[in-house]
Structure formats: structure tokens, C-alpha cells
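K.L.:
Whatever this is, show me its structure:
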Amino acid sequence: GGPNRNVLSVLANALGGTMSSRLFTEVREKRGLVYSISAEQTAFSDAGLFVVNAAASHANARRTVLETVAVIKEAADKGFTEEEVEIAKENLVGELVLSMESPSARMGRLARNEVFYGKQRPAAASIERIRKVSATRIAHLGKKLFDPDNALLCLLGRPSSLPRSEARRVGKECRSRWSP
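P.N.:
You can find the predicted model right below:
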């Protein structure tokens, strides 16, 4: 529930939250490497996760990891366009408005407000905070967040599609591509 919570939400949405997101456009649409790809953040009261998920064929596993890391690095280095940020913000606002029609989503929101803020916050206040997020704040947080020293790579699938030794090489290659 910290000061970067909304910035992180917009960043995750711009990176991989919709079909117009950077990861979806670059890795799925342009390169055709994955069936699906997304980014999401999960906040807890004292910590959180930022996760990128991709579903690819075994034949595309190595290239998918490398291309995904390249897209994340570009986002960390150059940030997002104003258009990407606006699309992400409006998507989040739309999700929030639509979620108010679901009793379980409303109850989840009430619980999160209590955990993160110790009080209830009106949806209108949340919408206002989302709309105030700037591309500059996203770029600043992205540079901090996308640090390869804090990253963890987890591959799930048949070991024969990317043996452990090859997975280690991919991890090292990702790190070398990230370094200046």
C-alpha cells in the first residue's frame, strides 16, 4: 500500500496487462513466440511480487526468455510512451469500475483497503490516484524495479526442452545483455 502502488499497477498494465501492452505486442504479435504473455504485480502489506508469465512451445522457450528480457530492459531504459501509459491507466480505471458490479470483487476491495490503508477509500479516490500516475514516475520506478540482481527466472516444462545447463546459459546471457 506504499506510495508506488498505483505507479506499479500502471507499469504492470503497460508492460503486460492488455493486448496492447508492450510484451503482448512485441513478444506475441510481432515475434509470434508465445501463446500468451502477461505482467502483474501482487502487493502485500509489507512486500510484493512483480511477475511476468509466458506460455510458449518448447521449441521457443530459449528465445522467449531472451526476447522477454530484451523488452523488459528496453522498458527499464526508455520507459513507456504517453500513449502506452494512458491506455494502461484507462484499462485499470475500467477494471475498477466494472469490478464494483461484482459482490466478491467489492468485498476483496474492502479487505485490501483495510489491510493496506487501515481505512476505506472510495473508488473515486482510487481512480484519481491512477489517473495522476505519470510516465516519468513509471520510468523512475521501472529503472529501480527491473534490476537483474533482484530477478529470478523460473522455467516450467519438460526438462528436455531446455535442459538445466542450457537454462543456466540463458540466464547468464540475459544478465550479460542487461549489463551496460
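K.L.:
which SSE is the most far-flung residue of the chain relative to its centre in?
P.N.:
Here the chain reaches farthest from its C-alpha mean at residue 160, the gap being 28.4 Å by C-alpha atoms, centre = their mean. Using DSSP states H and E, residue 160 is not contained in any helix or strand.
K.L.:
can you give me phi and psi for it?
P.N.:
According to degrees, to the nearest 10, the main-chain angles of residue 160 amount to phi -70, psi -20.
K.L.:
for the spatially closest residue to residue 43 that is not a sequence neighbour, phi and psi?
P.N.:
Sequence neighbours aside, residue 5 is the residue nearest to residue 43 in space, at 5.9 Å (criterion: C-beta to C-beta, 6 or more residues apart in numbering). For glycine as for every other residue, the C-beta is placed from the backbone atoms N, C-alpha and C. The phi and psi values for residue 5, taken as degrees, to the nearest 10, are phi -60, psi -50.
K.L.:
mind listing the strands for this structure?
P.N.:
Taking DSSP state E as the criterion, the chain carries its strands at 34-43, 48-56.
K.L.:
Out of the ones you listed, which is closest to residue 93?
P.N.:
With C-beta to C-beta, the closest approach to residue 93 among the strands of the chain belongs to strand 34-43: 16.6 Å.
K.L.:
which residues sit against the closest one?
P.N.:
When contacts are taken as C-beta atoms under 8 Å, 6 or more residues apart in numbering, the neighbours of strand 34-43 outside the stretch itself are 1, 5, 8-9, 11-13, 15-17, 21, 23-24, 27-28, 48-57, 60, 64, 68, 116.
K.L.:
give me the low-pLDDT residue ranges for the protein?
P.N.:
By pLDDT under 70, the weakly predicted segments of the chain are 1, 179-180.
K.L.:
Okay, helices next: where are they in it?
P.N.:
Taking DSSP state H as the criterion, the chain carries its helices at 5-16, 22-23, 61-78, 82-99, 103-117, 123-131, 135-145, 164-178.
K.L.:
Contacts for the second one, please.
P.N.:
By C-beta under 8 Å, 6+ apart, the residues outside helix 22-23 that reach it are 14-16, 37-39, 52, 54, 68, 71-72, 74-75, 80, 84.
K.L.:
What remains of the residues you listed if I keep only buried residues?
P.N.:
Buried positions within the contacts of helix 22-23, assessed by neighbour count (16 or more other C-beta atoms under 10 Å), are 14-16, 37-39, 52, 54, 68, 71-72, 75, 80, 84.
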